[in-house]
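[1] predicted coordinates and the sequence they were generated for:
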Amino acid sequence: MLLLFGSTRLPALARSLGQASSEFKAGTREKTGGVTDGTGR
């Protein structure tokens with residue numbers, strides 16, 4: 001990874017990947033929050 005992006009861009013890339021991951025998880029939690037699986041549990 002260091003050779004592809006360089007040492008100056010790597011922290012920003014990691015930060016943006018972390019933010020995207022947390023937004024994706026929050027979105028999926030929001031979507032599936034009111035949905036039941038039909039088993040009645």
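    Received it, and whenever you're ready, just let me know what you need. No experiment lies behind these values; they were computed from the predicted model shown.
[2] what score does residue 4 have for pLDDT?
    On pLDDT, residue 4 comes in at 70.
[3] quick one: what helix or strand has it in it?
    helix 2-5 (DSSP states H and E).
[4] could you point out which element follows that helix?
    helix 10-32.
[5] quick one, what contacts the residue nearest the centre of the chain?
    With distances taken as Cα atoms, centre = their mean, residue 21 lies nearest the centre of the chain, 1.0 Å away. By Cβ atoms under 8 Å, 6 or more residues apart in numbering, the contact set of residue 21 is empty. Every residue, glycine included, has its C-beta placed from N, CA and C.
[6] gap between it and residue 28?
    According to Cβ to Cβ, to the nearest Å, residue 21 and residue 28 sit 11 Å apart.
[7] before we move on, what about residue 6?
    Taken as Cβ to Cβ, the span from residue 6 to residue 28 is 32 Å.
[8] just give the number of residues close to residue 13.
    The number of residues packed near residue 13 is 13, by other Cβ atoms under 10 Å.
[9] equivalent analysis for residue 10, please.
    Neighbour number of residue 10 under other Cβ under 10 Å is 13.
[10] got the confidence number for it?
    At residue 10, pLDDT is 81.
[11] with residue 35 instead?
    56.
[12] same check on residue 25?
    The predicted local confidence for residue 25 is 92.
[13] repeat that for residue 13.
    86.
[14] distance of it from residue 19?
    Note on residue 13: its distance to residue 19, by Cβ to Cβ, is 11 Å.
[15] ok, residue 26 next?
    11 Å.
[16] mutual contacts of the two, please.
    Joint contacts of residue 26 and residue 19 (Cβ under 8 Å, 6+ apart) do not exist.
[17] so the residue nearest to the centre of the chain versus residue 31, what's the distance?
    Separation of residue 21 from residue 31 (Cβ to Cβ): 16 Å.
[18] likewise residue 19?
    For residue 19, the distance to residue 31 - Cβ to Cβ - is 19 Å.
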